[in-house]
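J.: how would this look folded up:
(2 chains)
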Amino acid sequence: DTGVSQNPRHKITKRGQNVTFRCDPISEHNRLYWYRQTLGQGPEFLTYFQNEAQLEKSRLLSDRFSAERPKGSFSTLEIQRTEQGDSAMYLCASSFGGGYEKLFFGSGTQLSVL
Amino acid sequence: AQSVAQPEDQVNVAEGNPLTVKCTYSVSGNPYLFWYVQYPNRGLQFLLKYITGDNLVKGSYGFEAEFNKSQTSFHLKKPSALVSDSALYFCAVSSNTGKLIFGQGTTLQVKP
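T.: Numbering: from 1, shown residues only, chains lettered A, B, ... in the order given. This next block holds a predicted model:
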């Protein structure tokens, strides 16, 4: 069990550029979640997958955001045409089983949009 | 809609004293409640959860939480605080899909 891994740890980009983040969950976990956290706030749910199926997306997730989990393993979160308001910590979490199990979080990717 | 509220932005306690971090919830149906802790430059870590059963739930690092249905609360407690307990604490409620809705967090400062 190597934990949830997120790459990169930090990303600085210019407004209007596209960025992609990667999350590698704990290997036997079937569920994968993406959250966004800004300073002084709790994590906000973005989307989640069960295996390769994306089962729920938050209304926070505009059309510029897309997430994939091919083959039910790692996941990517892409933000197109970044805006300064996208600056945040993007957290990935995984779990095994149903909806009441604890989530294991990665350390996050800190995005700064200049 | 499900939600949790953490009414205190910060809680200050002296080392060795008991601590309480407050959380209230609003759900339709049965609540599934969690506490997570976030240390600086580290990911969120699970402390404990309440699904059903005994109202007093014991978790990691000596923490416990008391579920109170009549007051719709799920306060986090520890009998004797340590300086190393200083961190950001989040209460969360889960739907049966596993999506967690987090509170805004409470910073716990334990002073020597």
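
J.: From here on, just use CA atoms for contacts and neighbour counts.
T.: Noted.

J.: Tell me which residues of the worst-scoring helix or strand of chain A on mean pLDDT come out buried.
T.: Of all helical and strand segments in chain A, the minimum by mean pLDDT, DSSP states H and E falls on strand A:53-57, at a mean of 91. Buried positions in strand A:53-57, judged by neighbour count with 16 or more other C-alpha atoms under 10 Å in any protein chain shown: A:Gln54, A:Lys57.

J.: Show me what the helix or strand following that strand is packed up against.
T.: On the C-terminal side of strand A:53-57, the closest following helix or strand by DSSP states H and E is strand A:65-68. Here strand A:65-68 touches strand A:75-79, going by 3 or more C-alpha pairs under 8 Å, 6 or more residues apart in numbering or on different chains; DSSP states H and E.

J.: isn't B:Pro40 right next to B:Ala87, touching?
T.: Yes - using C-alpha atoms under 8 Å, B:Pro40 is in contact with B:Ala87, at 7.3 Å.

J.: Those two: which has the busier surroundings?
T.: Between B:Pro40 and B:Ala87, counted using other C-alpha atoms under 10 Å in any protein chain shown, B:Ala87 has the larger neighbour count: 17 against 9.

J.: Would you enumerate the residues in contact with the more buried one?
T.: Each residue near B:Ala87 by C-alpha atoms under 8 Å, 6 or more residues apart in numbering or on different chains is listed here: B:Val37, B:Gln38, B:Tyr39, B:Pro40, B:Thr107, B:Leu108, B:Gln109.

J.: Of those, just say which sits nearest to A:Phe74.
T.: The shortest approach to A:Phe74 among the contacts of B:Ala87 belongs to B:Gln38, at 23.6 Å (C-alpha to C-alpha).

J.: What is the neighbour count of the spatially closest residue to that closest one that is not a sequence neighbour?
T.: The shortest distance from B:Gln38 to any non-neighbouring residue, by C-alpha to C-alpha, 6 or more residues apart in numbering or on different chains, is to B:Leu44 (4.6 Å). Residues within reach of B:Leu44, counting by other C-alpha under 10 Å, total 24.

J.: pretty sure B:Leu44 contacts A:Gly108?
T.: No - using C-alpha under 8 Å, B:Leu44 makes no contact with A:Gly108, being 9.6 Å away.

J.: How many neighbouring residues does B:Pro24 have?
T.: Heads up, residue B:24 is Thr, not Pro. Neighbour tally, B:Thr24, other C-alpha under 10 Å: 21.

J.: Would you mind giving both backbone torsions of it?
T.: Per-residue torsions, B:Thr24: phi -120, psi 150 (degrees, to the nearest 10).

J.: Show the contacting residues for the residue lying closest to it once chain neighbours are set aside.
T.: Closest residue in space to B:Thr24, ignoring its immediate chain neighbours: B:Ser73 at 4.2 Å, by C-alpha to C-alpha, 6+ apart. By C-alpha under 8 Å, 6+ apart, the contact list for B:Ser73 reads B:Lys22, B:Cys23, B:Thr24, B:Tyr25, B:Glu66, B:Phe67.

J.: run the last query once more with 7 Å
T.: B:Cys23, B:Thr24, B:Tyr25, B:Phe67 (C-alpha atoms under 7 Å, 6 or more residues apart in numbering or on different chains).

J.: Return the subset of the residues you listed lying in strands.
T.: Applying DSSP state E to these, the entries found in strands are B:Thr24, B:Tyr25, B:Phe67.

J.: picking up where we left off before, and the least confident helix or strand of chain A, which strands flank it?
T.: If you go by DSSP bridges, strand A:53-57 pairs up with strand A:44-50 (antiparallel).
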